[in-house]
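# Using only what follows, build the 3D model:
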Amino acid sequence: MRLGLRIDVHRPSTWWLAVGAICAALAAGALIAAIAHQRSTSQPIGEGEVFASDTAAAVSIVADADSEEDGIRHARNALDVEAVSLLDQEGVVVASTSKTFVGETVSNPLLGFGASAGRFVALAAPTGQPLEVDGVPEWPSGSILYQVVSPLDQPGQALLLHYDVSKLLARRARPGQIDPITIQLVALGLVFGLLAAAVAVGHTRASRRHREMAFEAELLRTHSEELEQTNAELADARRSAERSLILAEEKMRIRSDFVLMINHELRTPLTAVVTGAEVVRQGNLTDSEEHQVLNEMVNQGRRLNEIIDQILAVARIENRGLSYELVEVSLDEACAATNASREVTAGNGVADGHVWVRTDVSTLALVIASLSDNALTHGASHVWTNCSVEPAIEPMIEVGQRPRRSVFFCVEDDGPGIDPHFLPRAFEKFEKHSSSSGTGLGLYMARLMVEALDGSISVNTSPSGTTFQIAVPAVVRSRVRERV
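Numbers count the residues shown, from 1 in each chain. Here you go, the predicted model:
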């Protein structure tokens, strides 16, 4: 098991320092702009600025009003001036918020010029008539007031505005309070200053955390390598333990199967021999009955001997291996040694007469004889053996490794066949049908011997019979080699 631990510790980006510097610069700029704006707003307002702003507002109010009287009244209230009058082109007051001015002609020549020429005029001059505010006399005739003439959009008309000098001076002097825009600029500067401070603090903490994480990452990498090595050792130990457990379980299963097989297969012939001996010893049998019992005892004794020989043979093969020698023999010689009928065919791309076999003939004959006896034991009445360079069956199951170029020896019977569900276990040790007799070692021994011959064994079965096919390596010899 590999952890695959990979830790990337990145140093804090220098871009954050640039962002902090920009925020600090913006904070400083906002504070400087706030100071400059507050200074500018603390300067006194010029008279012209007041007059221009008021007359523009008054012209707009009068133009939007339903009547001239409403317009000049709304303008006076909105601008907080002493009086607003409407002049014609001759300088005659045609309407005014102070009734004493209606019908009077402006006495100042400069104001009259402004009214007739449609010019803007502003000056401090005495009034020709007393001035009333909402019907109450406020300034007597001859009072000095600022008077402003501003032309209207409608040709031939102009507005006349009267200002109290003291009020005008008060309007020019701006209040000493801080302007809202100044407050906004200071707040913006504070925000950028806080951002710059936050970025600086964050970068400092990130740098410290980077150093801590780099140290922790190095520790983690070291521990990860140690843990991977420990895991690898544990995995090897676990696999070794699993293999040992599997082998132990397999040995236990084989031992259990062996005990069951011995208990069943050896007990039956032994019981027949002992029972027959006791019956004969009693002497109560006729000659024919005694002869029959003795024949049965002999058959069971031979069966017992075969079982013991088979068990010992498997033990010898597994412990010391099979004693054999692979040599090249002709196909006809191999077929004759195994008592297999010869099928004359041509296969594997070579002429049939030049095929030789690389095998141990005695071991091959033993396998074929074992398969034939096994077929007769399990219900077959006839068994045929043959050899050929062409395969005779389509295997349902095959064990071992079939040679690239093969010769095939077949054992065919007319027995009841093998259960297809049992076929995958047919060549395993002690495996057999529950209803069949035997040790379950016949096909296992055949498999061991065929694999020792560098060949394979396959089977095809049906209810009408079974065919075992043994494939052994074929050797092609040329005619020149045969003459030599």
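# What is the neighbour count of the residue lying closest to residue 272 once chain neighbours are set aside?
Nearest non-adjacent residue to residue 272, counting by C-beta to C-beta, 6 or more residues apart in numbering: residue 300, 4.0 Å away. (C-beta placed from N, C-alpha, C; glycine too.) By the criterion of other C-beta atoms under 10 Å, residue 300 has 19 neighbours.
# just checking, residue 300 is part of a helix?
Yes. Residue 300: assigned to a helix according to DSSP: H, G, I helix; E, B strand; the rest coil.
# where exactly do the strands run in the stretch 1-150 of the chain?
Remark: strands assigned in the stretch 1-150 of the chain by DSSP state E, counting those that start in this stretch are 83-87, 93-96, 121-126, 131-133, 136-139, 144-151.
# no wait, the stretch 151-300 of the chain
158-163.
# Might you list the low-confidence residue ranges for it?
Across the stretch 151-300 of the chain, the ranges flagged by pLDDT under 70 are 172-177, 250-251, 253-268.
# what's the average pLDDT for the top strand by length along the chain?
Longest strand of the chain, by residue count under DSSP state E: strand 465-476. The average pLDDT for strand 465-476 rounds to 91.
# what comes up buried for that strand?
Within strand 465-476, the residues scored as buried using 16 or more other C-beta atoms under 10 Å are 465-475.
# residues near residue 362, how many?
12.
# Which secondary structure state is assigned to it?
helix.
# For it, give me the pLDDT.
pLDDT at residue 362 comes out at 85.
# Check the one 3 residues further on too.
Model confidence at residue 365, given as pLDDT, is 87.
# what's the spacing between the strand or helix carrying it and its chain's center?
Here residue 365, judged by DSSP states H and E, is contained in helix 361-377. Distance, stretch centre to chain centre, for helix 361-377: 59 Å (C-alpha atoms, centre = their mean, to the nearest Å).
# what does stretch 55-74 give?
With C-alpha atoms, centre = their mean, you get 75 Å for stretch 55-74.
# Out of the strands of the stretch 1-150 of the chain, which is the most enclosed?
Most buried of those by mean neighbour count (mean count of other C-beta atoms under 10 Å) is strand 83-87; its value is a mean of 25.
# which residues touch that strand?
58, 62, 68, 71-73, 75-76, 93-98, 101, 106, 115, 131, 133, 149, 157-162 (C-beta atoms under 8 Å, 6 or more residues apart in numbering).
# rewinding a little: residues in contact with the helix or strand following the helix holding residue 365?
As assigned by DSSP H and E, the chain's next helix or strand after helix 361-377 is strand 383-388. With C-beta under 8 Å, 6+ apart as the test, strand 383-388 has contacts from 331, 334-335, 338-343, 345, 347, 368, 372, 375-376, 392, 407-413.
# Out of these, which sit inside helices?
Judged by DSSP state H, helices contain the following of the contacts of strand 383-388: 331, 334-335, 368, 372, 375-376.
# where along the stretch 201-350 of the chain do the helices fall?
For the stretch 201-350 of the chain, helices defined by DSSP state H, counting those that start in this stretch occupy the ranges 267-282, 287-320, 331-337.
# Report all helices and strands that the first one contacts.
Read that as helix 267-282. helix 287-320 (3 or more C-beta pairs under 8 Å, 6 or more residues apart in numbering; DSSP states H and E).
# re the thing from before, of the contacts of strand 383-388, grab the buried ones for PyMOL.
In PyMOL, this line selects whichever of the contacts of strand 383-388 come out buried by 16+ other C-beta under 10 Å:
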select buried, resi 331+334+335+338+340+347+368+372+375+392+407+408+409+410+411+412+413
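# thought residue 455 was touching residue 399?
No. Assessed by C-beta atoms under 8 Å, residue 455 is found out of contact with residue 399, at 10.2 Å.
# With neighbour numbers in mind, choose between the two.
residue 455 (25 against 18).
# Quick one: residues contacting the more buried one.
359, 400-403, 406, 470-473 are the contacts of residue 455 under C-beta under 8 Å, 6+ apart.
# Could you measure from it over to residue 336?
Residue 455 sits 19 Å away from residue 336, going by C-beta to C-beta, to the nearest Å.
# same question, residue 69
The span separating residue 69 from residue 336 equals 148 Å under the rule C-beta to C-beta.
# and this structure, what are its domains?
47-172, 327-483 (automatic domain parsing).
# now these in CSV, with distance to residue 246?
Shown next, in CSV, are the domains of the chain (distance: least, C-beta to C-beta, whole Å):
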stretch, distance to residue 246
domain 47-172, 103
domain 327-483, 15
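# quick one, what contacts the residue nearest to residue 272?
So residue 300 contacts 268-270, 272-273, 276 (C-beta under 8 Å, 6+ apart).
# Repeat the analysis, applying 6 Å as the threshold.
Going by C-beta atoms under 6 Å, 6 or more residues apart in numbering, residue 300 touches 269, 272-273.
# and which of the ones in helices among the contacts of strand 383-388 is nearest to residue 443?
Using C-beta to C-beta, residue 375 comes nearest to residue 443 of the ones in helices among the contacts of strand 383-388, at 11.0 Å.
# if I look at that closest one, how far off is residue 304?
Applying C-beta to C-beta to residue 375 and residue 304 gives a distance of 21 Å.
# now do residue 82
Distance from residue 82 to residue 304, counting by C-beta to C-beta: 148 Å.
# between those two, who's got more neighbours?
residue 82 (24 against 17).
# what residues are up against the more buried one?
Taking C-beta under 6 Å, 6+ apart, one finds 162, 164 in contact with residue 82.
# run the last query once more with 7 Å
131, 133, 138, 145, 162-164 (C-beta atoms under 7 Å, 6 or more residues apart in numbering).
# Show the pLDDT at it.
88.
# Can you pull the phi/psi pair for it?
phi -80, psi -40 (degrees, to the nearest 10).
# quick one: low-confidence parts of the stretch 301-450 of the chain?
In the stretch 301-450 of the chain, residues with pLDDT under 70: 306-307, 309-324, 343-353, 429-440.
# ditto for the stretch 1-150 of the chain
Short version for the stretch 1-150 of the chain, where the test is pLDDT under 70: 1-12, 40-46.
# Please repeat the previous calculation with a cut-off of 80.
1-17, 37-49 (pLDDT under 80).
# for it, what spans make up the helices?
Using DSSP H, counting those that start in this stretch, helices in the stretch 1-150 of the chain cover 15-42, 47-64, 68-79, 109-117.
# Can you say which of those is nearest to residue 190?
When those are compared by C-beta to C-beta, helix 15-42 sits nearest residue 190, at 7.3 Å.
# I'd like to know which elements that closest one is packed against.
Secondary-structure packing of helix 15-42 (3 or more C-beta pairs under 7 Å, 6 or more residues apart in numbering; DSSP states H and E): helix 180-261.
# Tabulate the contacts of residue 82 in CSV, adding columns for distance to residue 211.
CSV is the format used below for the contacts of residue 82 (distance: C-beta to C-beta, whole Å):
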residue, distance to residue 211
131, 82
133, 79
138, 80
145, 78
162, 78
163, 72
164, 74
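# and which of those is nearest residue 240?
residue 163 (110.3 Å).
# List the residues that contact that closest one.
Contacts of residue 163 (C-beta under 7 Å, 6+ apart): 81-82, 145-146.
# Just put those residues in TSV and tack on distance to residue 385.
Below are these laid out as TSV (distance: C-beta to C-beta, whole Å):
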residue	distance to residue 385
81	139
82	144
145	147
146	144
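# re the thing from before, relative to residue 34, which of the contacts of residue 82 is nearest.
Looking across the contacts of residue 82 and measuring by C-beta to C-beta, the closest to residue 34 is residue 163, at 32.8 Å.
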